[in-house]
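Student: one predicted model, sequence on top.
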Amino acid sequence: MSAIGSILPLAFAALGRNRMRSLLTSLGVIIGVGALIVTVASGEGSKAVLEAQLATLGTNLLIVLPGSSTLGGARGGPGTGKPLTHSDLLAIVKESSATRYAAPIDRTVVQVVLDNQNWLTTVYGSTPDFFAIREWTIGRGRLFNSSESDAGAKVCVVGQTVATQLFGEGDPVGRVVRVRGMPCEVVGLLASKGQSSQGQDQDDLVVMPWVTFKSRMMSQDRIHVGSILVSAVSPDEVSHAQAQVSGILRQQHREPDGELDDFTVRNLADLAATQEHAADAQTGMLRNVAAVSLLVGGIGIMNIMLVSVTERTREIGIRLAIGASENKVLLQFLVEAVVLSAAGGLIGIALGIGGSLALASAMGWPFVLTPFWIVVAFGISMAIGVVFGFYPARKAARMDPIDALRFE
Amino acid sequence: MGPEPIIRLVDITKTYRTGEIEVHALVGVSLTVDRGEMLAIMGPSGSGKSTLMNVLGCLDRPTSGSYLLEGREVAKLQKRELSALRLSAFGFVFQGFQLIARTSALDNVALPLVYAEVRPVERVRRAKEALARVGLAGRENHTPAQLSGGEQQRVAIARALVNGPRLIFADEPTGALDTRTSVEVMVVLQSLHRSGITVVIVTHEPDIAAYTDRRILVRDGRIISDDKQSPRDAAADLAAMPDRAAA
């Protein structure tokens, strides 16, 4: 340890004699470490955004879609087969113990009119459970309640986008809009959810009671349901709920054993996993790019250290002749390389954090960087110095002092 | 027989092989140097005097023969032990000064102390003391480029003596210096000799050899003469010289 202590100032002095070169030598490591930090931070940041966005869909969410029909070998999409019914919904609510809420969903795209303003949006028909499942909160006013829901009252809640388009800065609560000719009182404004992970505006919607929607919007019976949203009692119970819902629906639809389901129960956790997987793959690839630039940075250090060793041949000769041991000369040049790469690492970490902060604010991500990665980045830069500094340092230490002193 | 001589060479040969050609740099050299001697090794270029110096300074190993340094056989020492020997027992003054550029006189002089792992405070104290001893007190922070040739050589001498060596080897110490500066350097070397250090000088200048008390002539890898002499006093010669300012 005392050897390092006495060698360290020598290394710093040698680097200080060539400040510009030292900086340029470190540049490769600076860029590599900076890129690594930015990659990791943006990966973690976008992941946090993704998780937050998936959470806006509602946690523990299951979507039940009607079956598809196969006609002459051509398979139709959901809805072409056996439809879901309101009694399916009631059966799920009654029989599935792993289910907390279940809500019907029907929707249509409709022009919503207020005086001389209008706006094309999606109108949903559902029950108050819909808000609980999707974790919608009210921004102003109130949600419609279950008695309004059951009675088919002409009330609705609107999303932020619809409110802005129709009312501007004004308060929509208590105003009456016309939806497909039906006057409908706005009882509440939903809190904004922002964009979904697919870039969809989640605030562009109107929600009214399912009964109202079916009878007044679609002039349909109240038997068939477009789809059913289900939330499990907890995240751990999602797959349990999925199995229960499937079982109940098979029974409801009197599916014989061995037949395929004539409905689909989709688990959003699977969707989330897929998206996170894609994000991880992207981050992984960028990380490889950072690794390559670190490798190039290391080679840069080795290159300059070799030049430096050749250039300082006489100096090395002096050191060896006056009695420096080979180990100490090796250590000095190794320390020089490690100081270069470690300093490059520190600068790179600082620049990387700065770049990540800038990127995070530009992209609207949170800034997330686990200290673990800072330690890893610094460790990698040190290791680069040792690995790529060793060969030049050994070359210096193995010199013959007599030849070295004669070197011009 | 008196006390153990500091250096005893017996039948030393050194052969270099460059490709097919063998160069016999030293052919059967035997030499004994007593503690506290000051001797000059002389000879024309290519005579083998520098090789002899390198062998004596343990920078080079002889091809054959025996080299007893203070009674120890050098051929049996490891590289690491030779480094330690050069660090603690020897001081080197090279032709062309061989100082580290862009580094202060103080740091140049303190360098051997760094490798000897002397504490920093002690290092500075001893380096300052060594610089004062060669008449360079107050020049500690000058870099080699800011010093004259004579001053640079005195920094090199300060570096050679900072570790308290028993032997100082000087290879053409006045080779690049004018007459007056050469005598100044010899004043310093003579004073080191008087303090008990054994001094070996390689030179081709008879004027410089005159300041030593023994003159060895090397030619074609052999010692052809080895004469004791009474040395000239460098300090007296310097005093007798016309003042630089007046000249």
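Tutor: Great, that's in hand. Residues are numbered from 1 along each chain as shown, chains lettered A, B, ... in the order given.

Student: show me what the residue nearest to B:Ile197 when sequence neighbours are not counted is bridged to.
Tutor: Leaving aside its chain neighbours, B:Ile197 sits nearest to B:Ile168 (5.6 Å; criterion: Cβ to Cβ, 6 or more residues apart in numbering or on different chains). Bear in mind the C-beta positions are built from the backbone N, C-alpha and C, glycine included. Beta bridges link B:Ile168 to B:Gly91, B:Val199, judged by DSSP bridges.

Student: with B:Met42 instead?
Tutor: B:Leu217.

Student: isn't it right up against B:Val218?
Tutor: Yes. Here B:Met42 reaches B:Val218: they are 7.0 Å apart, a contact under Cβ atoms under 8 Å.

Student: packing partners for the particular helix or strand that has A:Gly344 in it?
Tutor: Assigning secondary structure by DSSP states H and E places A:Gly344 in helix A:326-363. Judged by 3 or more Cβ pairs under 8 Å, 6 or more residues apart in numbering or on different chains; DSSP states H and E, helix A:326-363 is in contact with helix A:2-16, helix A:19-56, helix A:268-311, helix A:313-321, helix A:371-397, helix B:79-88.

Student: let me have those in CSV, extended by distance to A:Gly352.
Tutor: Formatted as CSV, those follow (distance: least, Cβ to Cβ, whole Å):
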stretch, distance to A:Gly352
helix A:2-16, 23
helix A:19-56, 3
helix A:268-311, 9
helix A:313-321, 35
helix A:371-397, 7
helix B:79-88, 43
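
Student: switch those helices over to a markdown table; also include mean neighbour count.
Tutor: Output for the helices and strands packed on helix A:326-363, formatted as a markdown table (neighbours: other Cβ atoms under 10 Å in any protein chain shown):
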| stretch | mean neighbour count |
| --- | --- |
| helix A:2-16 | 16 |
| helix A:19-56 | 20 |
| helix A:268-311 | 16 |
| helix A:313-321 | 22 |
| helix A:371-397 | 19 |
| helix B:79-88 | 18 |
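
Student: among the ones you listed, which is nearest B:Val187?
Tutor: When these are compared by Cβ to Cβ, helix A:313-321 sits nearest B:Val187, at 24.5 Å.

Student: per-residue confidence averaged over that closest one?
Tutor: Mean pLDDT, helix A:313-321: 93.

Student: distance between the ends of stretch A:154-161?
Tutor: Its first and final residues considered, stretch A:154-161 spans 21 Å by Cα to Cα, to the nearest Å.

Student: residues in contact with it?
Tutor: Where contact means Cβ atoms under 8 Å, 6 or more residues apart in numbering or on different chains, the residues beyond stretch A:154-161 that reach it are A:121, A:123, A:138-139, A:141, A:143-144, A:148, A:166, A:172, A:177, A:179, A:182-192, A:201-209, A:212, A:216.

Student: please apply the same query to stretch B:8-19.
Tutor: Against stretch B:8-19 from outside (Cβ under 8 Å, 6+ apart): B:22-33, B:48, B:51-52, B:55-56, B:60, B:62-68, B:221.

Student: can I have the buried ones of these as a ChimeraX selection?
Tutor: Here the buried members of these are turned into a ChimeraX selection, burial being counted by 16 or more other Cβ atoms under 10 Å in any protein chain shown:
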select /B:24,25,26,29,31,33,48,51,52,55,56,60,62,65,67,68,221
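
Student: near chain A, list only the ones from the contacts of stretch B:8-19.
Tutor: With Cβ under 8 Å from any Cβ of the partner chain as the criterion, the contacts of stretch B:8-19 include B:Asp60 near chain A.

Student: circling back: only the buried members of the contacts of stretch A:154-161: can you turn that into a PyMOL selection?
Tutor: Buried members of those can be picked out in PyMOL with the line below, counting by 16+ other Cβ under 10 Å:
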select buried, chain A and resi 121+123+139+141+143+144+148+166+172+177+179+182+184+186+187+188+189+190+192+202+203+204+205+206+207+208+209+212+216
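
Student: pLDDT-wise, which helix or strand of chain A ranks last?
Tutor: strand A:70-71 (a mean of 60; mean pLDDT, DSSP states H and E).

Student: hang on, the earlier thing: go ahead and confirm the residue nearest to B:Ile197 touches B:Leu161.
Tutor: Yes. Using Cβ under 8 Å, B:Ile168 is in contact with B:Leu161, at 6.8 Å.

Student: which neighbours do these two share?
Tutor: With Cβ under 8 Å, 6+ apart, B:Ile168 and B:Leu161 have common neighbours B:Gly91, B:Leu192, B:Ile197.

Student: which one of the residues you listed sits closest to chain A?
Tutor: Comparing the shared contacts of B:Ile168 and B:Leu161 against chain A with Cβ to the nearest Cβ places B:Gly91 closest, at 8.2 Å.

Student: between B:Met42 and B:Val218, which contacts overlap?
Tutor: Common neighbours of B:Met42 and B:Val218 (Cβ under 8 Å, 6+ apart) are B:Lys49.

Student: these two: who's more crowded?
Tutor: B:Val218 (25 against 22; other Cβ atoms under 10 Å in any protein chain shown).

Student: which pLDDT value goes with that one?
Tutor: For B:Val218, pLDDT reads 95.

Student: related to what we said a few turns ago, wait, which of the helices and strands packed on helix A:326-363 is closest to A:Ala342?
Tutor: Counting by Cβ to Cβ, A:Ala342 lies closest to helix A:371-397 out of the helices and strands packed on helix A:326-363; the figure is 5.1 Å.

Student: is chain B within reach of the helix or strand just after that closest one?
Tutor: Beyond helix A:371-397 on the C-terminal side, the first helix or strand identified by DSSP H and E is helix A:401-406. Yes. Residues of helix A:401-406 contacting chain B under Cβ under 8 Å from any Cβ: A:Pro401, A:Ile402, A:Leu405.

Student: any low-confidence regions in chain A?
Tutor: Counting by pLDDT under 70, chain A shows low-confidence ranges at A:1-3, A:55-59, A:69-81, A:197-198, A:269.

Student: nearest to chain B: which residue in it?
Tutor: Nearest residue of chain A to chain B, counting by Cβ to the nearest Cβ: A:Gly323, 2.6 Å away.
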